[in-house]
Every structure is written in structure tokens, then in C-alpha cells.
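Student: would you be able to build a 3D model of this:
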Amino acid sequence: MKKTSLLAASFFAVSTMTATAGGLSAPVMEPVVIVEEVETASDTSGLLQWMILAAVIVAATAN
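Tutor: Numbering: from 1, shown residues only. A predicted model of the protein is given here:
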């Protein structure tokens, strides 16, 4: 009888120790880092702006 009580008590003690192994404090959550990629303008859009500027300068000097 004493042996089974001791065995039951040790089993209960071991099972409760593993349940609170991390402590009773609230878990610390790390913030989630979100990385957003920025798209650069394509080469053709920059070329189009320079062509329009050149056309305006040519039209202004033609008059």
C-alpha cells in the first residue's frame, strides 16, 4: 500500500512539474517584421519622359 501511494505521488509530482516547466509568467511574443518590396520604375517610363521633354524643346526652338 505504501509503495503504490509513493509511486502515485511521484507520478503526480513529475507530471505537474513538466506542465509548469516554463514558469507561470505570460509568454513573450516577438513582433512580426513585415518587409515590403518597392518596385522601381522601368527603363521605358524614364525614356518616355525624356522623349516628351525633347519634343517640347524641339517644338519651342522651331518657332
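Student: how much space between Met51 and Thr61?
Tutor: As judged by Cβ to Cβ, to the nearest Å, Met51 and Thr61 stand 16 Å apart. Just so you know, the C-beta spots here come from the backbone N, C-alpha and C atoms, and that holds for glycine as well.
Student: who has more neighbours out of those two?
Tutor: Met51 (10 against 7; other Cβ atoms under 10 Å).
Student: quick one: which helix or strand includes that one?
Tutor: helix 43-62 (DSSP states H and E).
Student: pLDDT of that helix, averaged?
Tutor: Across helix 43-62, pLDDT averages out at 84.
Student: show me which residues of that helix are buried.
Tutor: Within helix 43-62, no residue counts as buried by 16 or more other Cβ atoms under 10 Å.
Student: hmm, who's touching it?
Tutor: Residues outside helix 43-62 that contact it (Cβ atoms under 8 Å, 6 or more residues apart in numbering): none.
Student: convert the C-alpha atoms of it to PDB, please.
Tutor: Extracted C-alpha coordinates of helix 43-62, given in PDB (Å, rounded to 0.1, in the frame of the first residue of the first chain):
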ATOM      1  CA  ASP A  43      13.500  51.900 -68.100                       C
ATOM      2  CA  THR A  44      10.900  52.700 -70.700                       C
ATOM      3  CA  SER A  45       8.900  55.100 -68.500                       C
ATOM      4  CA  GLY A  46      12.000  57.200 -67.900                       C
ATOM      5  CA  LEU A  47      12.800  57.100 -71.600                       C
ATOM      6  CA  LEU A  48       9.300  58.300 -72.500                       C
ATOM      7  CA  GLN A  49       9.600  61.300 -70.200                       C
ATOM      8  CA  TRP A  50      12.900  62.300 -71.800                       C
ATOM      9  CA  MET A  51      11.400  61.900 -75.300                       C
ATOM     10  CA  ILE A  52       8.500  64.200 -74.400                       C
ATOM     11  CA  LEU A  53      10.800  66.800 -72.900                       C
ATOM     12  CA  ALA A  54      13.000  66.600 -76.100                       C
ATOM     13  CA  ALA A  55       9.900  67.000 -78.300                       C
ATOM     14  CA  VAL A  56       8.800  70.100 -76.300                       C
ATOM     15  CA  ILE A  57      12.300  71.700 -76.600                       C
ATOM     16  CA  VAL A  58      12.400  71.000 -80.300                       C
ATOM     17  CA  ALA A  59       8.900  72.400 -80.800                       C
ATOM     18  CA  ALA A  60       9.900  75.500 -78.700                       C
ATOM     19  CA  THR A  61      13.100  76.200 -80.700                       C
ATOM     20  CA  ALA A  62      11.300  75.600 -84.100                       C
END
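Student: with that, I have no additional questions.
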